[in-house]
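K.L.:
predicted model, plus sequence, below.
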Amino acid sequence: VTQTVGVQPGTCVAQTGNAGNNWVTISCPAASTTGPTPVALNSCVNVAPSVGNAWTATTCTTTGPTIPTPVASCTSGVDPTTQVVTTCSNNNSAVAAVVPGSCTPQAATSGNAWIQTVCTPTTSTVGVPAGSCVPVTPTLANGYTSVTCADVSTGPTFVAAGSCSAGTDTVNHITTTCNTANTGPTPVGACTPGTDANFRVTSCSTATTGPTQLPLASACVNEAASAGNNWTSTTCNSRDVSAGVLAGTCTPSAPGVLPVITCSTSNTGPTAVASCTPNPGTSAPFVTTSCAAPETTGPDRVTSCIAATASSANGFQSTTCEPITGLKVQTKTQTLTTTYTVSGSTVIPGTAVDGTPVETGWTDDNGGMCYIDPIRPPSIDITPGWKQSTTDFPSGCTAWPCLGPVTGGATGGSSNSLADVAQYYYVTDLRPTIPGANPDLGKNDVPK
């Protein structure tokens with residue numbers, strides 16, 4: 001019978017079986033070691049050998065961490081079979097400054113232990129006060145840092161009219177200037193005035209030039225506006241052109257020969273001017289100017305006169321006024337009304353009653369006409385005393401005395417009686433006219 005018994009390591013003594021030891025043979029084999037057996041990290045517990053565990057010792061050891069191995073790809077985690085923990089990380093070294101231009105980029109490969117080289121120049125722009133920047137050359141001492149000074153101009157940036165503020169930012173040292181930029185005009189086929197999203201204001205106008213005189217006999221072609229001619233249209237019109245030439249040098253063109261040239265002499269004026277300088281017309285524009293002596297007219301006799309100095313407004317004509325002495329006729333009228341007693345229509349002598357004479361002031365005859373030599377006023381009677389007018393009779397009268405209407409009325413009596421007839425012949429003188437006597441005496445005025 002063979003029996004295996006665990007004993008404390010180092011205490012087993014081998015023996016050969018004999019009668020003295022009841023034929024018990026003891027063999028001491030070498031200590032039995034198993035493993036290592038992978039277990040979960042931190043789950044192994046060291047155990048000392050003892051009778052209770054059949055003199056089995058458990059020793060825990062951790063393998064690793066191993067030196068990082070560059071690989072193309074890595075997956076972090078625990079292998080459930082081997083309990084190997086894999087940790088992935090990028091081993092990025094610090095950024096090292098090198099001489100500008102000496103860095104060579106390379107991709108990660110197995111040949112370079114999966115090391116990737118990236119060249120990244122670091123550039124930053126910092127605003128400083130104008131004139132304070134000092135250029136610096138890159139060296140090892142300054143970490144290969146280069147400083148370059150430059151004035152950076154941006155824009156222009158369109159903003160709403162009136163919203164730009166000129167000045168210098170004291171933090172970033174940015175100077176802002178404001179101006180209004182005008183462009184164009186640009187020929188276009190169609191134009192819409194207004195302001196766009198970039199605050200650009202568009203105004204539209206049509207520019208008309210000319211007319212332009214082409215050389216004689218040259219061709220003119222009508223052309224519509226298009227993109228090919230900068231939207232410029234051309235309209236051709238023929239017209240007559242007059243050019244001054246030296247007198248006697250103009251030669252008319254032959255019939256049918258272009259251009260048609262006709263010759264004529266154009267005389268203008270005379271034109272009133274303030275001053276005149278003769279010109280023989282021997283140079284362009286070949287206009288001959290002749291000056292005449294100042295022309296004087298008058299004097300003219302007028303009822304009113306306004307003196308004037310020669311000027312462009314009055315055709316450079318001056319007017320001088322001088323008074324002229326003349327005569328005019330004035331009359332004064334006296335009206336005397338006499339009342340008579342009449343029989344029928346016959347005035348009874350001795351019944352005249354004179355009223356108070358009524359006189360007017362002096363009034364101008366013939367519209368106040370002034371008679372100047374050699375014209376004389378009409379002859380008038382200038383002897384003292386009132387004169388009977390021979391023209392200005394009251395209405396209904398043609399001689400003096402002018403008998404006005406009979407006013408008042410008789411009451412009672414009769415008309416055309418024997419007494420009336422007797423009275424008529426009593427007051428009527430039937431005698432012939434007496435030479436040298438009053439013409440009314442002996443007037444034959446008996447009715448027929």
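P.N.:
The structure has been received and is ready for your questions.
K.L.:
now the strands for the stretch 1-150 of the chain?
P.N.:
Ranges of strands within the stretch 1-150 of the chain are 77-78, 85-86, based on DSSP state E, counting those that start in this stretch.
K.L.:
for the helix or strand following the last one, packing partners?
P.N.:
Same thing as strand 85-86. Beyond strand 85-86 in the direction of the C-terminus, DSSP states H and E gives the next helix or strand as strand 167-168. Secondary-structure packing of strand 167-168 (3 or more CB pairs under 8 Å, 6 or more residues apart in numbering; DSSP states H and E): strand 175-176. The way it works is simple: take the backbone N, C-alpha and C, and place the C-beta from them, glycine included.
K.L.:
next one: the strand it packs on to chain centre, how far?
P.N.:
Counting by CA atoms, centre = their mean, to the nearest Å, strand 175-176 is centred 30 Å from the centre of its parent chain.
K.L.:
ok, now stretch 226-246?
P.N.:
For stretch 226-246, the distance from its own C-alpha centre to the chain's C-alpha centre is 29 Å (CA atoms, centre = their mean).
K.L.:
and stretch 309-323, by the same measure?
P.N.:
For stretch 309-323, the separation from the chain centroid amounts to 46 Å (computed by CA atoms, centre = their mean).
K.L.:
pull the number of nearby residues for the spatially closest residue to V78 that is not a sequence neighbour.
P.N.:
Distances taken as CB to CB, 6 or more residues apart in numbering place V85 nearest to V78, at 5.3 Å, with adjacent residues excluded. A count of nearby residues for V85, using other CB atoms under 10 Å, gives 14.
K.L.:
look up how far P38 lies from V85.
P.N.:
Distance of V85 to P38, computed by CB to CB, to the nearest Å: 11 Å.
K.L.:
okay, the strands of the stretch 1-150 of the chain in CSV with distance to V329 and mean pLDDT next?
P.N.:
Shown next, in CSV, are the strands of the stretch 1-150 of the chain (distance: least, CB to CB, whole Å; pLDDT from 0 to 100):
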stretch, distance to V329, mean pLDDT
strand 77-78, 151, 88
strand 85-86, 152, 88
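K.L.:
could these be laid out in CSV, adding distance to P105?
P.N.:
Listed next are these as CSV, based on distance: least, CB to CB, whole Å:
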stretch, distance to P105
strand 77-78, 32
strand 85-86, 29
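K.L.:
that older thread, residues in contact with the residue nearest to V78?
P.N.:
L41, G64, G77, V78 (CB atoms under 8 Å, 6 or more residues apart in numbering).
K.L.:
show me the contacts for the last one.
P.N.:
Translated: V78. A40, L41, V84, V85, T86 are the contacts of V78 under CB under 8 Å, 6+ apart.
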